[in-house]
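1. One predicted model, sequence on top.
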Amino acid sequence: MIATVEPQTVEPQTVPAAARPRRRRVKRVLGLTALALGITAAGGYVWLNTTADVRNTGTPECLDVVPTGPAGGHAEVCATLDALTGAWNRGDADAYGQIFTPDATYTTYVGTYYEGRRDITEGHRALFGGFLKDTKLAGSFLSIRFYSPGTAVVTSRGDTYKGAPKKPEDLSKTQTYTMVRQDDGGWRIAAFHNTKRQTVMERISFLMAPDTKPQAEK
Amino acid sequence: MNNDSTEIRALLDRAQDAWNRGDGAAYGSCFTADATDITYVGTVYNGAGEIGRAHQVLFDSFLRGTRLTLEIVDIRRCGPDAAVVVTRGEVAKRTPGELGKLATYTVVRGADGRWLIAAVQKTKHRPLLEAVSFKVKPATRPRNARTQGAHAH
């Protein structure tokens, strides 16, 4: 019994003096490695992000776009899109909703899906009074294509802003509008779809598989 | 009307089938010559040719071995020769849990009577961001619960 309390039995639990600095060195090297990796990753992210600008920034003025397909309706389509921006900038949900067909669909960049004018109007009333309060809409058009005298597809880049309007190269989202002519000759939006550009993911794709880059971005 | 809906469904089936076979050319042939395909990453592809070529590269790299699952949420005619189709879908190697990507297709019927995709755009659903919005501003929640958050069967 007494023999087990001898100093030798305690000794293995203490760290030999020589091991302490070694452990400290290992800790320091590991810490520095983690820090270096972190800085590299953050730097890489920033680099990928800042070099991911789009080349095809589009045409800021709707009327300056050269439409394709059956002629007619260009001015009316632009007037509708102008009215859309106007309603947004005033935060006028009712006027905003009127620009859509009664059965229109609306997909936000978050992936929220509104179905029908009423849903779009009430959803935007809440947004204009909350997250989108006092924001304005900036846009730049990529294409206006007519598929029949009464059907058009418009693609654009766009964003919301407060204060100074965003420049075309700073628009973070891309949109597709499907537009239809109404009996009174005016045009309404039948479908709207918004997507936020995932700049870093896109840049990685273009770097690893260069042929995934669209011609307009080369 | 019914016939046309069948033809539109057949067009999306053909695009889905081309995807699942990893056949970029067949996928591209589902689009009009001036079509746009805006991916959930936000990349804009222009024209059937470019859409087909780019997807072949994707099928051979990032999308190798994946399958496209699609569920039609809404199919709606806009005049005699155009329609809008909204789908929830997912791209995965196995059966996906949630159909987390929304797509809006604009399909048009050409002079030859064939339906083609004139535009498609996709968005990845972000449930967390959306939940914050619904919590802070409950009225931002869409009313039509039927079409919200469909899951794969």
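-> Right, received. Where do you want to start? Residues are numbered from 1 along each chain as shown, chains lettered A, B, ... in the order given.

2. tell me, what residue is most central in chain A?
-> For chain A, the residue nearest the mean C-alpha position is A:Lys196 (1.7 Å; Cα atoms, centre = their mean).

3. Can you pull out the residues in contact with the host helix or strand of A:Gly123?
-> Take DSSP states H and E as the rule and A:Gly123 turns out to sit in helix A:117-128. Outside helix A:117-128, the residues within contact range by Cβ atoms under 8 Å, 6 or more residues apart in numbering or on different chains are A:88, A:91-94, A:96-98, A:100-104, A:106, A:112, A:114, A:132, B:137-144. C-beta here means a position set from N, CA and C on the backbone, and glycine is covered the same way.

4. let's go with 6 Å and repeat that
-> With contact meaning Cβ atoms under 6 Å, 6 or more residues apart in numbering or on different chains, helix A:117-128 is reached by A:91, A:93, A:96-97, A:100, A:102, A:106, A:114, B:137, B:139-140, B:142-143.

5. Mark which of those residues are buried, thanks.
-> Among the contacts of helix A:117-128, those classed as buried by 16 or more other Cβ atoms under 10 Å in any protein chain shown are A:Gly91, A:Ala93, A:Tyr96, A:Gly97, A:Phe100, A:Tyr106, A:Tyr114, B:Lys137, B:Thr140, B:Pro142.

6. in the chain, which ranges drop under the pLDDT threshold?
-> Picked chain A for this. A:1-18 (pLDDT under 70).

7. actually chain B
-> Residue ranges of chain B with pLDDT under 70: B:1-4, B:145-153.

8. again, only using 80
-> B:1-4, B:144-153 (pLDDT under 80).

9. residues from it in reach of chain A?
-> When proximity is defined by Cβ under 6 Å from any Cβ of the partner chain, chain B lies next to chain A at B:34, B:36, B:38, B:41-43, B:45, B:54, B:57-58, B:61, B:78-79, B:81-82, B:84, B:86, B:102, B:104, B:106, B:108, B:118-119, B:121, B:123, B:125-126, B:129-130, B:137, B:139-140, B:142-144, B:147.

10. Whichever of these end up buried, select them in ChimeraX.
-> Selection of buried members from these for ChimeraX, criterion 16+ other Cβ under 10 Å:
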select /B:34,36,38,41,42,43,45,54,57,58,78,79,81,82,84,86,102,104,106,108,118,119,121,123,125,126,130,137,140,142,147
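
11. Quick check: the residue nearest to the centre of chain A vs B:Ile38, distance?
-> Remark: distance between A:Lys196 and B:Ile38 (Cβ to Cβ, to the nearest Å) = 11 Å.

12. Tell me the secondary structure at A:Arg188.
-> Three-state call for A:Arg188 (DSSP: H, G, I helix; E, B strand; the rest coil): strand.

13. Just give the nearest non-adjacent residue to it, would you?
-> Nearest residue to A:Arg188 in three dimensions, chain neighbours excluded: A:Thr101, at 4.7 Å (Cβ to Cβ, 6 or more residues apart in numbering or on different chains).

14. quick one, helices of the chain?
-> Since you didn't name a chain, this refers to chain A. A:7-10, A:19-50, A:74-90, A:93-98, A:117-128, A:199-208 (DSSP state H).

15. was after chain B, sorry
-> Along chain B, counting by DSSP H, helices occupy B:2-21, B:24-28, B:47-59, B:127-136.

16. can you put the ones you listed in CSV and add distance to B:Glu98?
-> Formatted as CSV, those follow (distance: least, Cβ to Cβ, whole Å):
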stretch, distance to B:Glu98
helix B:2-21, 18
helix B:24-28, 24
helix B:47-59, 22
helix B:127-136, 8
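
17. Ok, which of these comes nearest A:Ile144?
-> Closest to A:Ile144 of the helices of chain B, according to Cβ to Cβ: helix B:47-59, at 15.6 Å.

18. Okay, angle between that closest one and helix A:199-208 too, please.
-> Note on geometry: by axes from the mean of the first three to the mean of the last three Cα atoms, to 10 degrees, helix B:47-59 and helix A:199-208 are set 80 degrees apart in direction.

19. Which neighbouring elements make contact with helix B:47-59?
-> With contacts defined as 3 or more Cβ pairs under 6 Å, 6 or more residues apart in numbering or on different chains; DSSP states H and E, helix B:47-59 has these neighbours: helix B:24-28, strand B:31-38.

20. ranking those by burial, who's on top?
-> Neighbour counts (mean count of other Cβ atoms under 10 Å in any protein chain shown) averaged over each of the helices and strands packed on helix B:47-59 peak at strand B:31-38, with a mean of 22.

21. now it and helix B:47-59, what's the angle there?
-> Orientation of strand B:31-38 against helix B:47-59 (the same axes, to 10 degrees) gives an angle of 60 degrees.

22. Sheet partners, orientation included, of strand B:31-38?
-> Strand B:31-38 sits in its sheet next to strand B:44-46 (antiparallel), strand B:115-124 (parallel), going by DSSP bridges.

23. who's in contact with the shortest one?
-> Read that as strand B:44-46. A:Pro214, B:Thr36, B:Asp37, B:Ile38, B:Ile51, B:Ala54.

24. same thing but 10 Å
-> If you take Cβ atoms under 10 Å, 6 or more residues apart in numbering or on different chains as the criterion, strand B:44-46 is touched by A:54, A:56, A:58, A:142-143, A:155, A:157, A:174, A:176, A:195, A:197, A:212-217, B:28, B:31, B:33-39, B:50-55, B:120-121.
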